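K.L.:
Kindly return the folded structure for what I paste below:
(one chain, ligands or ions: 2)
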Amino acid sequence: MTQLTIKNLLSQYTPLLHHEIKISGWVRAFRSNRFIALNDGSTLENLQIVVDFEKFDADTLSKISTAASLEIVGELVESAGAGQKIELVAKEIHILGDNFTEDRDKTILQPKKHSLETLREQAHLRFRTNLFGAVFRIRSAVSFAIHQFFNENGFVYINTPIITGADAEGAGEMFGVSALNLENLPKTENGEVDYSQDFFGKKTNLTVSGQLEAECAAMGLGKVYTFGPTFRAENSNTTRHLAEFWMVEPEVAFNNLDQNIDLAEDFLQYVIEYVLKNCEKDLAFLNDRQAEEQKQKPKEERLELNLIDKLKQVTEGRFVRLSYTEAIDILKNSNPNKKGKFQYPIEEWGADLQSEHERYLVEKHFKKPVVIFDYPKEIKAFYMKLNEDGKTVAAMDVLFPGIGEIIGGSQREDSYSILLEKMKAGNISEEELWWYLDLRKFGSVPHAGFGLGLERLVLFVTGMTNIRDVIPFPRTPRNAEF
Ligand code: 4AD
Ligand code: MG
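P.N.:
Ligands and ions are numbered 1, 2, ... in the order given. Model prediction:
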(Lines give C-alpha, C1' and ligand atoms only; values in the text may rest on other atoms or scores of the structure.)
(Ligands and ions follow the chains in the order given, each with its own letter.)
Protein backbone atom coordinates (compact mmCIF):
# COMPACT_ATOMS: atom_id res chain seq x y z
CA MET A 1 0.00 0.00 0.00
CA THR A 2 1.30 3.46 -0.78
CA GLN A 3 1.87 5.80 2.12
CA LEU A 4 -0.82 8.33 2.80
CA THR A 5 0.68 11.82 2.78
CA ILE A 6 -0.59 14.93 4.50
CA LYS A 7 -0.99 16.56 1.09
CA ASN A 8 -3.26 13.75 -0.15
CA LEU A 9 -5.14 13.76 3.09
CA LEU A 10 -5.84 17.50 3.11
CA SER A 11 -6.93 17.53 -0.51
CA GLN A 12 -9.40 14.63 -0.24
CA TYR A 13 -10.31 13.89 3.33
CA THR A 14 -14.13 13.55 3.14
CA PRO A 15 -14.24 9.78 2.46
CA LEU A 16 -11.78 9.23 5.30
CA LEU A 17 -13.68 11.16 7.99
CA HIS A 18 -14.34 8.98 11.04
CA HIS A 19 -12.07 6.28 9.68
CA GLU A 20 -8.86 5.07 11.19
CA ILE A 21 -5.77 6.17 9.28
CA LYS A 22 -2.02 5.95 9.71
CA ILE A 23 0.29 8.89 9.03
CA SER A 24 4.00 9.56 9.57
CA GLY A 25 5.95 12.76 9.87
CA TRP A 26 8.09 15.07 11.96
CA VAL A 27 6.93 17.14 14.89
CA ARG A 28 6.94 20.85 14.08
CA ALA A 29 5.49 21.83 17.45
CA PHE A 30 3.81 20.25 20.46
CA ARG A 31 1.47 22.68 22.17
CA SER A 32 -0.05 22.37 25.64
CA ASN A 33 0.95 18.71 25.77
CA ARG A 34 -2.08 18.18 23.56
CA PHE A 35 -1.66 19.35 19.94
CA ILE A 36 1.07 18.11 17.65
CA ALA A 37 1.71 19.98 14.40
CA LEU A 38 2.94 17.17 12.16
CA ASN A 39 4.66 17.76 8.82
CA ASP A 40 5.78 15.15 6.31
CA GLY A 41 7.25 17.37 3.60
CA SER A 42 4.51 16.64 1.06
CA THR A 43 3.07 20.11 1.63
CA LEU A 44 3.73 23.25 3.58
CA GLU A 45 0.70 22.51 5.74
CA ASN A 46 0.80 20.56 8.97
CA LEU A 47 -1.70 18.03 10.20
CA GLN A 48 -2.97 18.63 13.70
CA ILE A 49 -2.79 15.56 15.93
CA VAL A 50 -4.85 15.61 19.11
CA VAL A 51 -3.24 13.78 22.01
CA ASP A 52 -5.19 12.83 25.11
CA PHE A 53 -2.26 12.63 27.51
CA GLU A 54 -4.08 10.29 29.85
CA LYS A 55 -4.07 7.62 27.13
CA PHE A 56 -0.30 7.58 26.62
CA ASP A 57 2.58 6.67 28.89
CA ALA A 58 4.92 9.33 30.19
CA ASP A 59 7.90 7.95 28.24
CA THR A 60 6.11 8.35 24.89
CA LEU A 61 4.85 11.81 25.78
CA SER A 62 8.30 12.93 26.87
CA LYS A 63 9.75 11.96 23.48
CA ILE A 64 7.29 14.06 21.49
CA SER A 65 9.26 17.23 20.88
CA THR A 66 10.08 19.39 17.87
CA ALA A 67 11.98 17.39 15.21
CA ALA A 68 11.10 13.92 16.53
CA SER A 69 9.60 11.55 13.96
CA LEU A 70 6.35 9.75 14.63
CA GLU A 71 3.95 7.26 13.15
CA ILE A 72 0.43 7.84 14.32
CA VAL A 73 -2.72 5.79 14.04
CA GLY A 74 -5.91 7.61 14.84
CA GLU A 75 -9.38 8.69 13.84
CA LEU A 76 -9.78 11.50 11.36
CA VAL A 77 -12.36 14.04 12.50
CA GLU A 78 -13.51 17.52 11.56
CA SER A 79 -11.75 20.08 13.70
CA ALA A 80 -13.68 22.41 15.92
CA GLY A 81 -10.66 24.70 16.30
CA ALA A 82 -9.85 27.56 14.03
CA GLY A 83 -6.93 27.16 11.65
CA GLN A 84 -7.60 23.66 10.33
CA LYS A 85 -10.48 21.75 8.81
CA ILE A 86 -9.51 18.33 10.08
CA GLU A 87 -7.45 16.75 12.81
CA LEU A 88 -6.36 13.29 13.82
CA VAL A 89 -7.29 11.97 17.25
CA ALA A 90 -4.35 9.76 18.18
CA LYS A 91 -4.98 6.16 19.22
CA GLU A 92 -1.42 4.90 18.83
CA ILE A 93 1.77 6.94 18.76
CA HIS A 94 4.98 5.22 17.67
CA ILE A 95 8.16 7.18 18.18
CA LEU A 96 10.25 6.43 15.07
CA GLY A 97 13.16 8.62 16.06
CA ASP A 98 13.40 10.70 19.20
CA ASN A 99 15.72 13.66 19.68
CA PHE A 100 19.25 13.81 21.03
CA THR A 101 18.05 16.88 22.89
CA GLU A 102 21.40 18.45 23.62
CA ASP A 103 22.62 18.00 20.04
CA ARG A 104 19.32 19.13 18.59
CA ASP A 105 19.65 22.40 20.45
CA LYS A 106 22.79 23.17 18.46
CA THR A 107 20.97 22.65 15.18
CA ILE A 108 18.56 24.65 13.07
CA LEU A 109 15.87 22.22 14.22
CA GLN A 110 15.72 24.09 17.47
CA PRO A 111 12.49 26.05 17.18
CA LYS A 112 13.55 29.65 16.57
CA LYS A 113 14.38 31.87 13.62
CA HIS A 114 17.73 31.20 11.91
CA SER A 115 19.60 33.20 9.29
CA LEU A 116 19.93 31.82 5.78
CA GLU A 117 23.70 31.60 6.36
CA THR A 118 23.20 29.37 9.39
CA LEU A 119 20.71 27.24 7.49
CA ARG A 120 23.28 26.85 4.70
CA GLU A 121 25.82 25.48 7.16
CA GLN A 122 23.29 22.78 8.01
CA ALA A 123 22.11 22.09 4.49
CA HIS A 124 21.50 18.46 5.49
CA LEU A 125 18.78 19.60 7.89
CA ARG A 126 17.34 22.63 6.14
CA PHE A 127 14.92 20.50 4.11
CA ARG A 128 13.01 20.30 7.37
CA THR A 129 12.14 24.01 7.42
CA ASN A 130 9.04 25.61 5.88
CA LEU A 131 11.21 27.86 3.74
CA PHE A 132 13.37 25.16 2.17
CA GLY A 133 10.42 22.79 1.87
CA ALA A 134 8.72 25.44 -0.26
CA VAL A 135 11.85 26.24 -2.29
CA PHE A 136 12.65 22.63 -3.14
CA ARG A 137 9.08 21.64 -3.94
CA ILE A 138 9.01 24.59 -6.34
CA ARG A 139 12.39 23.64 -7.82
CA SER A 140 10.97 20.19 -8.51
CA ALA A 141 7.84 21.67 -10.10
CA VAL A 142 10.02 23.91 -12.30
CA SER A 143 12.03 20.89 -13.50
CA PHE A 144 8.85 18.95 -14.20
CA ALA A 145 7.33 21.85 -16.13
CA ILE A 146 10.51 22.14 -18.22
CA HIS A 147 10.27 18.51 -19.29
CA GLN A 148 6.54 18.87 -19.91
CA PHE A 149 6.99 21.96 -22.09
CA PHE A 150 9.52 20.26 -24.34
CA ASN A 151 7.59 17.03 -24.42
CA GLU A 152 4.39 18.82 -25.47
CA ASN A 153 6.33 20.62 -28.19
CA GLY A 154 7.87 17.54 -29.78
CA PHE A 155 11.43 17.83 -28.44
CA VAL A 156 13.63 14.78 -27.87
CA TYR A 157 15.38 14.70 -24.49
CA ILE A 158 19.10 14.07 -24.98
CA ASN A 159 21.75 13.35 -22.37
CA THR A 160 25.05 14.90 -23.31
CA PRO A 161 28.32 13.81 -21.68
CA ILE A 162 29.46 15.12 -18.33
CA ILE A 163 33.06 14.20 -19.02
CA THR A 164 34.25 15.89 -22.16
CA GLY A 165 37.40 15.96 -24.23
CA ALA A 166 36.51 19.30 -25.83
CA ASP A 167 37.42 22.42 -23.93
CA ALA A 168 36.54 24.79 -26.72
CA GLU A 169 33.18 26.17 -25.63
CA GLY A 170 34.96 29.13 -24.11
CA ALA A 171 32.29 29.44 -21.45
CA GLY A 172 34.65 29.53 -18.51
CA GLU A 173 37.36 27.74 -16.62
CA MET A 174 37.03 23.97 -16.50
CA PHE A 175 37.52 21.32 -13.83
CA GLY A 176 39.90 18.61 -15.03
CA VAL A 177 38.93 14.95 -14.73
CA SER A 178 41.78 12.54 -14.27
CA ALA A 179 42.55 9.09 -12.90
CA LEU A 180 46.26 9.93 -12.67
CA ASN A 181 47.96 9.97 -9.30
CA LEU A 182 48.24 13.68 -8.49
CA GLU A 183 51.15 12.98 -6.14
CA ASN A 184 53.12 11.30 -8.87
CA LEU A 185 52.18 12.57 -12.29
CA PRO A 186 53.70 10.93 -15.39
CA LYS A 187 55.67 13.49 -17.40
CA THR A 188 56.59 13.76 -21.06
CA GLU A 189 60.17 14.40 -22.15
CA ASN A 190 59.62 18.15 -22.04
CA GLY A 191 58.27 18.06 -18.52
CA GLU A 192 54.53 18.37 -19.20
CA VAL A 193 51.92 16.06 -17.70
CA ASP A 194 51.59 13.01 -19.95
CA TYR A 195 47.85 12.70 -20.39
CA SER A 196 48.30 9.88 -22.89
CA GLN A 197 48.74 7.72 -19.79
CA ASP A 198 45.50 8.97 -18.26
CA PHE A 199 42.23 7.00 -18.24
CA PHE A 200 40.94 8.37 -21.55
CA GLY A 201 44.36 8.71 -23.13
CA LYS A 202 43.91 12.47 -23.31
CA LYS A 203 43.10 15.46 -21.14
CA THR A 204 39.45 15.58 -20.12
CA ASN A 205 37.22 17.97 -18.19
CA LEU A 206 33.79 18.32 -16.65
CA THR A 207 31.44 19.88 -19.16
CA VAL A 208 30.64 23.60 -19.17
CA SER A 209 27.75 23.10 -21.60
CA GLY A 210 26.10 20.30 -23.56
CA GLN A 211 25.51 22.58 -26.52
CA LEU A 212 28.07 21.27 -29.00
CA GLU A 213 26.85 17.70 -28.54
CA ALA A 214 23.20 18.85 -28.57
CA GLU A 215 23.87 20.40 -31.97
CA CYS A 216 24.92 16.95 -33.26
CA ALA A 217 21.64 15.51 -32.02
CA ALA A 218 19.57 18.36 -33.50
CA MET A 219 21.20 17.71 -36.88
CA GLY A 220 19.43 14.35 -36.94
CA LEU A 221 16.48 14.62 -34.58
CA GLY A 222 15.40 18.19 -35.33
CA LYS A 223 14.31 19.47 -31.94
CA VAL A 224 16.26 18.33 -28.88
CA TYR A 225 17.04 19.52 -25.39
CA THR A 226 19.48 18.60 -22.66
CA PHE A 227 18.97 19.10 -18.95
CA GLY A 228 21.94 18.28 -16.81
CA PRO A 229 24.67 19.31 -14.41
CA THR A 230 27.20 21.84 -15.67
CA PHE A 231 30.51 22.81 -14.11
CA ARG A 232 32.47 26.04 -14.15
CA ALA A 233 35.64 26.63 -12.19
CA GLU A 234 35.40 30.41 -12.42
CA ASN A 235 36.26 32.02 -9.13
CA SER A 236 33.20 34.24 -8.98
CA ASN A 237 31.83 34.43 -5.49
CA THR A 238 28.52 36.09 -6.30
CA THR A 239 24.88 35.47 -5.44
CA ARG A 240 24.33 34.40 -9.08
CA HIS A 241 27.15 31.89 -9.68
CA LEU A 242 27.65 28.27 -8.74
CA ALA A 243 30.55 25.99 -9.66
CA GLU A 244 28.00 23.20 -10.24
CA PHE A 245 24.63 24.18 -11.66
CA TRP A 246 21.91 22.69 -13.84
CA MET A 247 21.44 23.90 -17.36
CA VAL A 248 18.62 23.33 -19.84
CA GLU A 249 19.71 23.58 -23.45
CA PRO A 250 17.25 23.27 -26.34
CA GLU A 251 18.69 23.13 -29.86
CA VAL A 252 16.46 23.36 -32.92
CA ALA A 253 17.25 22.64 -36.55
CA PHE A 254 15.88 25.18 -39.06
CA ASN A 255 15.30 27.87 -36.39
CA ASN A 256 16.68 31.36 -36.83
CA LEU A 257 17.42 33.90 -34.09
CA ASP A 258 13.87 35.32 -33.99
CA GLN A 259 12.37 31.88 -33.61
CA ASN A 260 14.95 31.14 -30.93
CA ILE A 261 13.83 34.22 -28.97
CA ASP A 262 10.16 33.21 -29.43
CA LEU A 263 10.99 29.77 -28.04
CA ALA A 264 12.80 31.22 -25.03
CA GLU A 265 9.88 33.51 -24.26
CA ASP A 266 7.19 30.83 -24.65
CA PHE A 267 9.28 28.45 -22.57
CA LEU A 268 9.85 30.83 -19.66
CA GLN A 269 6.21 31.92 -19.61
CA TYR A 270 5.01 28.32 -19.68
CA VAL A 271 7.17 27.27 -16.74
CA ILE A 272 6.24 30.30 -14.64
CA GLU A 273 2.53 29.79 -15.39
CA TYR A 274 2.87 26.17 -14.36
CA VAL A 275 4.30 27.19 -11.01
CA LEU A 276 1.61 29.85 -10.50
CA LYS A 277 -1.05 27.20 -11.10
CA ASN A 278 0.46 24.27 -9.27
CA CYS A 279 2.45 25.66 -6.33
CA GLU A 280 -0.09 28.05 -4.83
CA LYS A 281 0.54 27.32 -1.16
CA ASP A 282 4.32 27.41 -1.40
CA LEU A 283 4.24 30.59 -3.49
CA ALA A 284 1.87 32.30 -1.09
CA PHE A 285 4.25 31.43 1.74
CA LEU A 286 7.25 32.84 -0.15
CA ASN A 287 5.23 35.89 -1.16
CA ASP A 288 4.41 36.64 2.49
CA ARG A 289 7.96 36.01 3.57
CA GLN A 290 9.26 38.46 0.99
CA ALA A 291 6.64 41.03 1.99
CA GLU A 292 7.80 40.75 5.62
CA GLU A 293 11.42 41.24 4.54
CA GLN A 294 10.50 44.26 2.46
CA LYS A 295 8.96 45.95 5.48
CA GLN A 296 12.38 45.95 7.15
CA LYS A 297 13.89 47.87 4.24
CA PRO A 298 13.94 51.62 3.63
CA LYS A 299 11.14 52.69 1.25
CA GLU A 300 13.42 53.50 -1.66
CA GLU A 301 14.94 50.01 -1.62
CA ARG A 302 11.64 48.17 -1.61
CA LEU A 303 10.50 46.13 -4.59
CA GLU A 304 7.70 47.60 -6.67
CA LEU A 305 5.81 44.34 -7.06
CA ASN A 306 5.24 41.47 -4.68
CA LEU A 307 6.47 38.04 -5.75
CA ILE A 308 3.23 36.70 -7.21
CA ASP A 309 2.46 39.92 -9.11
CA LYS A 310 5.98 39.91 -10.48
CA LEU A 311 5.51 36.37 -11.81
CA LYS A 312 2.13 37.25 -13.31
CA GLN A 313 3.61 40.29 -14.99
CA VAL A 314 6.22 38.13 -16.72
CA THR A 315 3.60 35.68 -18.00
CA GLU A 316 1.31 38.42 -19.28
CA GLY A 317 3.19 40.82 -21.54
CA ARG A 318 5.72 40.10 -24.25
CA PHE A 319 9.37 40.71 -23.44
CA VAL A 320 11.12 43.82 -24.74
CA ARG A 321 13.45 43.01 -27.64
CA LEU A 322 16.26 45.35 -28.53
CA SER A 323 19.53 45.10 -30.37
CA TYR A 324 22.84 45.47 -28.59
CA THR A 325 23.33 48.72 -30.55
CA GLU A 326 20.05 50.14 -29.19
CA ALA A 327 20.97 48.97 -25.70
CA ILE A 328 24.30 50.79 -25.89
CA ASP A 329 22.55 53.99 -26.98
CA ILE A 330 20.18 53.82 -24.02
CA LEU A 331 23.00 53.07 -21.60
CA LYS A 332 25.29 55.76 -22.97
CA ASN A 333 22.62 58.39 -22.41
CA SER A 334 21.43 57.01 -19.09
CA ASN A 335 21.66 59.03 -15.89
CA PRO A 336 23.97 56.63 -14.05
CA ASN A 337 26.36 56.65 -17.01
CA LYS A 338 26.37 60.46 -17.28
CA LYS A 339 26.80 60.84 -13.53
CA GLY A 340 29.62 58.30 -13.42
CA LYS A 341 27.63 55.87 -11.30
CA PHE A 342 28.52 52.77 -13.34
CA GLN A 343 31.61 50.92 -12.23
CA TYR A 344 32.21 50.25 -15.94
CA PRO A 345 31.20 53.42 -17.81
CA ILE A 346 29.76 52.85 -21.28
CA GLU A 347 31.89 54.81 -23.69
CA GLU A 348 31.50 53.19 -27.04
CA TRP A 349 29.97 50.47 -29.14
CA GLY A 350 31.75 47.18 -28.50
CA ALA A 351 31.80 47.34 -24.71
CA ASP A 352 30.77 44.14 -22.96
CA LEU A 353 27.60 44.55 -20.92
CA GLN A 354 28.18 44.06 -17.19
CA SER A 355 25.50 43.01 -14.81
CA GLU A 356 25.06 46.63 -13.60
CA HIS A 357 24.13 47.60 -17.18
CA GLU A 358 21.81 44.66 -17.66
CA ARG A 359 20.05 45.43 -14.42
CA TYR A 360 19.68 49.10 -15.29
CA LEU A 361 17.93 48.18 -18.54
CA VAL A 362 15.62 45.61 -16.94
CA GLU A 363 14.91 47.16 -13.56
CA LYS A 364 15.07 50.89 -14.19
CA HIS A 365 14.53 51.57 -17.88
CA PHE A 366 12.05 48.94 -19.11
CA LYS A 367 10.87 47.37 -15.84
CA LYS A 368 10.23 44.05 -17.55
CA PRO A 369 12.19 41.18 -19.09
CA VAL A 370 14.44 42.28 -21.91
CA VAL A 371 16.01 40.31 -24.74
CA ILE A 372 19.17 41.80 -26.21
CA PHE A 373 20.32 40.47 -29.59
CA ASP A 374 23.01 40.98 -32.24
CA TYR A 375 26.09 41.48 -30.07
CA PRO A 376 29.55 42.44 -31.36
CA LYS A 377 31.29 39.27 -32.49
CA GLU A 378 34.36 40.05 -30.36
CA ILE A 379 32.51 39.58 -27.06
CA LYS A 380 30.65 36.37 -27.95
CA ALA A 381 31.52 32.72 -28.59
CA PHE A 382 33.06 31.46 -31.84
CA TYR A 383 30.06 29.31 -32.80
CA MET A 384 27.55 32.16 -33.09
CA LYS A 385 26.34 33.02 -36.58
CA LEU A 386 28.02 35.99 -38.19
CA ASN A 387 25.45 38.56 -39.33
CA GLU A 388 25.56 40.19 -42.75
CA ASP A 389 27.07 43.37 -41.30
CA GLY A 390 30.23 41.33 -40.64
CA LYS A 391 30.62 42.77 -37.14
CA THR A 392 27.75 41.36 -35.08
CA VAL A 393 26.65 37.81 -34.35
CA ALA A 394 23.11 36.40 -33.99
CA ALA A 395 23.37 36.10 -30.22
CA MET A 396 20.67 36.74 -27.65
CA ASP A 397 20.55 37.11 -23.88
CA VAL A 398 17.33 37.14 -21.88
CA LEU A 399 17.58 39.44 -18.86
CA PHE A 400 15.19 39.20 -15.91
CA PRO A 401 14.43 41.72 -13.18
CA GLY A 402 16.41 41.07 -10.03
CA ILE A 403 18.44 38.35 -11.76
CA GLY A 404 20.16 39.74 -14.83
CA GLU A 405 21.05 37.13 -17.46
CA ILE A 406 18.84 34.07 -17.15
CA ILE A 407 19.27 32.71 -20.69
CA GLY A 408 22.11 32.97 -23.19
CA GLY A 409 21.82 31.62 -26.73
CA SER A 410 22.28 32.18 -30.43
CA GLN A 411 21.74 31.07 -33.96
CA ARG A 412 24.76 28.90 -34.77
CA GLU A 413 27.28 29.43 -37.54
CA ASP A 414 26.24 26.90 -40.19
CA SER A 415 28.77 27.83 -42.85
CA TYR A 416 31.79 25.52 -42.82
CA SER A 417 34.21 28.14 -44.14
CA ILE A 418 33.14 30.93 -41.77
CA LEU A 419 33.21 28.61 -38.76
CA LEU A 420 36.66 27.34 -39.70
CA GLU A 421 37.88 30.89 -40.07
CA LYS A 422 36.49 31.89 -36.68
CA MET A 423 38.03 28.84 -35.02
CA LYS A 424 41.40 29.70 -36.47
CA ALA A 425 41.06 33.30 -35.34
CA GLY A 426 40.08 32.14 -31.84
CA ASN A 427 42.86 29.55 -31.60
CA ILE A 428 40.36 26.73 -31.32
CA SER A 429 41.75 23.36 -32.29
CA GLU A 430 40.33 21.81 -35.46
CA GLU A 431 41.67 18.41 -34.41
CA GLU A 432 39.67 18.54 -31.24
CA LEU A 433 36.42 19.80 -32.80
CA TRP A 434 36.60 17.92 -36.11
CA TRP A 435 33.22 16.39 -35.40
CA TYR A 436 31.63 19.79 -34.78
CA LEU A 437 32.99 21.05 -38.09
CA ASP A 438 31.75 17.88 -39.80
CA LEU A 439 28.15 18.90 -39.02
CA ARG A 440 28.69 21.79 -41.44
CA LYS A 441 29.98 19.50 -44.19
CA PHE A 442 26.99 17.23 -44.62
CA GLY A 443 23.55 18.75 -44.93
CA SER A 444 24.27 21.79 -42.80
CA VAL A 445 21.14 23.76 -41.87
CA PRO A 446 20.40 26.96 -39.99
CA HIS A 447 19.85 26.13 -36.35
CA ALA A 448 19.64 27.84 -33.00
CA GLY A 449 19.43 27.17 -29.30
CA PHE A 450 20.01 28.55 -25.86
CA GLY A 451 20.94 27.69 -22.30
CA LEU A 452 18.84 28.41 -19.23
CA GLY A 453 20.46 28.29 -15.80
CA LEU A 454 17.91 26.35 -13.76
CA GLU A 455 18.95 27.93 -10.46
CA ARG A 456 18.59 31.45 -11.84
CA LEU A 457 15.02 30.65 -12.84
CA VAL A 458 14.31 29.11 -9.43
CA LEU A 459 15.76 32.26 -7.82
CA PHE A 460 13.35 34.36 -9.83
CA VAL A 461 10.33 32.19 -9.13
CA THR A 462 10.93 31.83 -5.38
CA GLY A 463 12.10 35.40 -4.73
CA MET A 464 15.18 34.04 -2.95
CA THR A 465 18.22 36.26 -3.29
CA ASN A 466 21.22 33.93 -3.06
CA ILE A 467 21.72 31.12 -5.58
CA ARG A 468 23.13 28.95 -2.78
CA ASP A 469 19.63 28.76 -1.34
CA VAL A 470 17.92 27.27 -4.37
CA ILE A 471 20.15 24.21 -4.91
CA PRO A 472 20.16 21.56 -2.19
CA PHE A 473 23.94 21.33 -1.77
CA PRO A 474 25.71 24.33 -3.33
CA ARG A 475 29.23 24.04 -4.77
CA THR A 476 31.06 27.37 -4.69
CA PRO A 477 34.71 28.42 -4.29
CA ARG A 478 36.11 26.86 -1.09
CA ASN A 479 32.87 25.09 -0.34
CA ALA A 480 31.96 21.48 -1.11
CA GLU A 481 30.56 20.34 2.23
CA PHE A 482 28.05 17.47 2.20
O1 4AD B 1 25.44 32.06 -21.31
P2 4AD B 1 26.00 30.69 -21.07
O3 4AD B 1 27.43 30.58 -20.71
O4 4AD B 1 25.64 29.89 -22.39
C5 4AD B 1 26.10 28.65 -22.73
O6 4AD B 1 26.72 27.90 -22.03
C7 4AD B 1 25.59 28.22 -24.10
N8 4AD B 1 26.40 27.06 -24.51
C9 4AD B 1 24.13 27.89 -24.01
C10 4AD B 1 23.53 27.46 -25.31
O11 4AD B 1 23.43 28.27 -26.21
N12 4AD B 1 23.15 26.20 -25.42
O13 4AD B 1 25.14 29.97 -19.93
C14 4AD B 1 23.75 29.81 -20.08
C15 4AD B 1 23.05 30.16 -18.79
C16 4AD B 1 23.26 31.59 -18.31
O17 4AD B 1 22.39 32.48 -18.96
C18 4AD B 1 22.95 31.46 -16.84
O19 4AD B 1 21.56 31.45 -16.61
C20 4AD B 1 23.48 30.09 -16.52
O21 4AD B 1 23.55 29.37 -17.73
N22 4AD B 1 24.81 30.12 -15.90
C23 4AD B 1 25.05 29.92 -14.59
N24 4AD B 1 24.22 29.67 -13.57
C25 4AD B 1 24.77 29.49 -12.35
N26 4AD B 1 26.09 29.56 -12.09
C27 4AD B 1 26.98 29.81 -13.08
N28 4AD B 1 28.30 29.85 -12.84
C29 4AD B 1 26.46 30.02 -14.42
N30 4AD B 1 27.02 30.27 -15.62
C31 4AD B 1 25.99 30.33 -16.49
MG1 MG C 1 25.98 34.03 -21.20
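K.L.:
How many neighbouring residues does the nearest residue to residue 425 once chain neighbours are set aside have?
P.N.:
In this structure, residue 425 finds its nearest non-sequential neighbour in residue 382, 7.9 Å apart by C-beta to C-beta, 6 or more residues apart in numbering. Any C-beta I mention is one placed from the backbone N, CA and C, and that applies to glycine too. Using other C-beta atoms under 10 Å, residue 382 has 20 neighbouring residues.
K.L.:
pretty sure residue 382 belongs to a strand, no?
P.N.:
No - Residue 382 is assigned coil when assessed by DSSP: H, G, I helix; E, B strand; the rest coil, not a strand.
K.L.:
Got the phi and psi for it?
P.N.:
When quoted as degrees, to the nearest 10, the phi and psi of residue 382 stand at phi -60, psi -30.
K.L.:
Same question for residue 244.
P.N.:
Torsion angles, degrees, to the nearest 10, at residue 244: phi -130, psi 120.
K.L.:
so it sits right up against residue 229, yeah?
P.N.:
Yes - between residue 244 and residue 229 there is a contact at 6.0 Å, judged by C-beta atoms under 8 Å.
K.L.:
These two: which is more packed in?
P.N.:
Between residue 244 and residue 229, residue 244 has the larger neighbour count (other C-beta under 10 Å), namely 17 against 14.
K.L.:
any idea how far that one is from residue 395?
P.N.:
According to C-beta to C-beta, to the nearest Å, residue 244 and residue 395 sit 25 Å apart.
K.L.:
Ok, residue 416 next?
P.N.:
20 Å.
K.L.:
who's in contact with the closest residue to residue 153 other than its chain neighbours?
P.N.:
Spatially, and ignoring its direct neighbours in sequence, residue 153 is nearest to residue 223 (7.2 Å; C-beta to C-beta, 6+ apart). Counting by C-beta atoms under 8 Å, 6 or more residues apart in numbering, residue 223 makes contact with 150, 153-156, 250-253.
K.L.:
same thing but at 6 Å, please
P.N.:
Shown in contact with residue 223 (C-beta atoms under 6 Å, 6 or more residues apart in numbering): 154-155, 252.
K.L.:
Filter the residues you listed down to the buried ones, ChimeraX style.
P.N.:
Only the buried entries of those go into this ChimeraX selection, using 16 or more other C-beta atoms under 10 Å:
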select :155,252
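K.L.:
how about residue 116, what does it touch?
P.N.:
Residues near residue 116 by C-beta under 6 Å, 6+ apart: residue 469.
K.L.:
OK, contacts around residue 160?
P.N.:
Applying C-beta under 6 Å, 6+ apart, the residues near residue 160 are 210, 213-214, 226.
K.L.:
which of those residues sit farthest apart?
P.N.:
213 and 226 (7.7 Å; C-beta to C-beta).
K.L.:
Compute the first-to-last residue distance for stretch 167-176.
P.N.:
End-to-end distance of stretch 167-176 (C-alpha to C-alpha, to the nearest Å): 10 Å.
K.L.:
Start the count at 344 instead of 1 going forward.
P.N.:
Shifting the count to begin at 344 puts that one at stretch 510-519.
K.L.:
Now that stretch: average pLDDT?
P.N.:
Averaging pLDDT along stretch 510-519 yields 76.
K.L.:
For residue 817, what are phi and psi?
P.N.:
Torsion angles, degrees, to the nearest 10, at residue 817: phi -70, psi 140.
K.L.:
Give the residue spans of the stretch 594-743 of the chain that score low on pLDDT.
P.N.:
Along the stretch 594-743 of the chain, the model assigns pLDDT under 70 to no residue.
K.L.:
now the stretch 394-543 of the chain
P.N.:
Flagging of the stretch 394-543 of the chain using pLDDT under 70 yields the residue ranges 511-515.
K.L.:
Show the pLDDT at residue 757.
P.N.:
Predicted confidence (pLDDT) for residue 757: 98.
K.L.:
neighbours around residue 810, how many?
P.N.:
Neighbour count for residue 810, taken as other C-beta under 10 Å: 21.
K.L.:
and the stretch 494-643 of the chain, which residues reach ligand 1?
P.N.:
Neighbours of ligand 1 within the stretch 494-643 of the chain, by C-beta under 6 Å from any ligand atom: 514, 552, 554, 575, 584-585, 588, 590, 592.
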